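Asker: just coords:
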DNA sequence: CTGCATGCAAAAAATTTGCATGAGG
DNA sequence: CCTCATGCAAATTTTTTGCATGCAG
């Protein structure tokens, strides 16, 4: 692990470009956010951040999360839950989601063919593609086989 | 336009299967929901419903929306806004979204190649695919050309 | 008739905002 | 130093819930 990860420079960049400051809180929140793999909601991030610095207020986490999303370093979505979910936008291998509507299982995957096709579609519509999210919903093997809940 | 649309029977079906009732409110809300094209949030739907029957409470709309989602007739997501967005799950031609992160423009599209590929991926992971959502984010032509806001 | 559904309003949850103080550049 | 950021708490916004009564089956 290198000292400064892939997000550090882009973030720094975005901040200074917009007259914002790289405070200790922002650093810590970003660090925590990017270290955690997968998606997490506000509460999870807030809790994780508080572990390291119990003085950080929730408003700061919300505000930082907003900065991260606006800077393009994070994405927010919602799978069906009540609160917003966040995930790093810059991952070495981008992954999409296969979600079981019965048991909540989430599998991550990446399909080259789809990825390239997305670029085609975007171009056809005059878009410069930056990112995407894709969620496939269905019922997983286990659930199909021995549906435990019904 | 036929009297009863594609959603009527599945809904009826889901309701009776779960011991729920097809009330006038549910009928009206579903009707309004499916008549409106594209995505809409709670407020929009509530307002539209109130136009037809000003006595319906918001709780009922929320509850019905939940029923629609659980029955698989509607999908909820969130593009970045503050509140959940809903859209019919059963459309003749399923569409995905191309979203401009600069100006908020939403273009709907459908790509056969991606669709079929999704099925392959799902099968590979042992999933019985029911539905999916896909959002491509980028900046649109207009925004790219003459970025009006900056 | 019986029990689920509704409307209302209150409650809970999620997110934003105002303000005095602290700290980055 | 000057301005933006923070923490706190209050304010908003969004969604859920309890309860008496209404209505579908």
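Answerer: Cool, got the structure. This structure is a prediction, so every number in the text was calculated from the model and none was measured.

Asker: who are the packing partners of the helix or strand harbouring residue A:115?
Answerer: Element membership for residue A:115, per DSSP states H and E: helix A:112-124. The contact analysis (3 or more C-beta pairs under 8 Å, 6 or more residues apart in numbering or on different chains; DSSP states H and E) places helix A:112-124 against strand A:128-139, helix B:112-124, strand B:128-139. Every C-beta, even on glycine, is put in place using the N, C-alpha and C of the backbone.

Asker: could you dump those to CSV with distance to residue A:35?
Answerer: CSV is the format used below for the helices and strands packed on helix A:112-124 (distance: least, C-beta to C-beta, whole Å):
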stretch, distance to residue A:35
strand A:128-139, 20
helix B:112-124, 28
strand B:128-139, 24
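
Asker: list the contacts of residue A:134.
Answerer: Residue A:134 makes contact with A:96, A:97, A:114, B:118, B:132, B:133, B:134, B:135, according to C-beta atoms under 8 Å, 6 or more residues apart in numbering or on different chains.

Asker: specify the beta-bridge partners of the most centrally placed residue in chain A.
Answerer: Residue closest to the average C-alpha location in chain A (C-alpha atoms, centre = their mean): residue A:87, at 0.9 Å. The partner list for residue A:87 in beta bridges (DSSP bridges) reads residue A:75.

Asker: so it touches residue A:75, yeah?
Answerer: Yes. Residue A:87 lies in contact with residue A:75 (C-beta atoms under 8 Å); the separation is 5.7 Å.

Asker: if we can go back for a sec, report the entries of the contacts of residue A:134 that also contact DNA strand D.
Answerer: By C-beta under 7 Å from any atom of the strand, no member of the contacts of residue A:134 lies near DNA strand D.

Asker: which of those lies closest to DNA strand D?
Answerer: residue B:133 (16.3 Å; C-beta to the nearest atom of the strand).

Asker: contact partners for the closest one?
Answerer: Listed by C-beta under 8 Å, 6+ apart, the contact partners of residue B:133 are A:133, A:134, A:135, A:137, B:75, B:77, B:96, B:97.

Asker: so which of those residues wins on neighbours?
Answerer: Ranked by neighbour count (other C-beta atoms under 10 Å in any protein chain shown), the contacts of residue B:133 have residue A:134 at the top, with 24 neighbours.

Asker: could you dump the helices and strands packed on helix A:112-124 to JSON lines with distance to residue A:70 and mean pLDDT?
Answerer: Putting these into JSON lines (distance: least, C-beta to C-beta, whole Å; pLDDT from 0 to 100) gives the following:
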{"stretch": "strand A:128-139", "distance to residue A:70": "13", "mean pLDDT": "84"}
{"stretch": "helix B:112-124", "distance to residue A:70": "28", "mean pLDDT": "93"}
{"stretch": "strand B:128-139", "distance to residue A:70": "13", "mean pLDDT": "84"}
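
Asker: can you put those in JSON lines and add distance to DNA strand C?
Answerer: Below are these laid out as JSON lines (distance: least, C-beta to the nearest atom of the strand, whole Å):
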{"stretch": "strand A:128-139", "distance to DNA strand C": "16"}
{"stretch": "helix B:112-124", "distance to DNA strand C": "28"}
{"stretch": "strand B:128-139", "distance to DNA strand C": "18"}
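
Asker: so which of these gets nearest residue B:41?
Answerer: strand B:128-139 (15.7 Å; C-beta to C-beta).

Asker: partner strands of the closest one and their direction?
Answerer: strand A:128-139 (antiparallel), strand B:96-100 (parallel).

Asker: make TSV from those strands and add distance to residue A:31 to it.
Answerer: Converted to TSV, these look like this (distance: least, C-beta to C-beta, whole Å):
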stretch	distance to residue A:31
strand A:128-139	21
strand B:96-100	29
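
Asker: which of the ones you listed sits closest to residue B:43?
Answerer: Set against residue B:43 and scored by C-beta to C-beta, these come closest in strand B:96-100, at 20.0 Å.

Asker: what element comes up after that closest one heading to the C-terminus?
Answerer: Counting by DSSP H and E, the next helix or strand C-terminal to strand B:96-100 is strand B:106-109.

Asker: who's in contact with that following strand?
Answerer: When contacts are defined by C-beta under 8 Å, 6+ apart, strand B:106-109 is touched by residues A:121, A:125, A:127, B:38-39, B:79, B:95-100, B:140.

Asker: closest to residue A:46 out of the contacts of residue A:134?
Answerer: Distances from residue A:46 to the contacts of residue A:134, taken by C-beta to C-beta, are shortest for residue A:97, at 23.0 Å.
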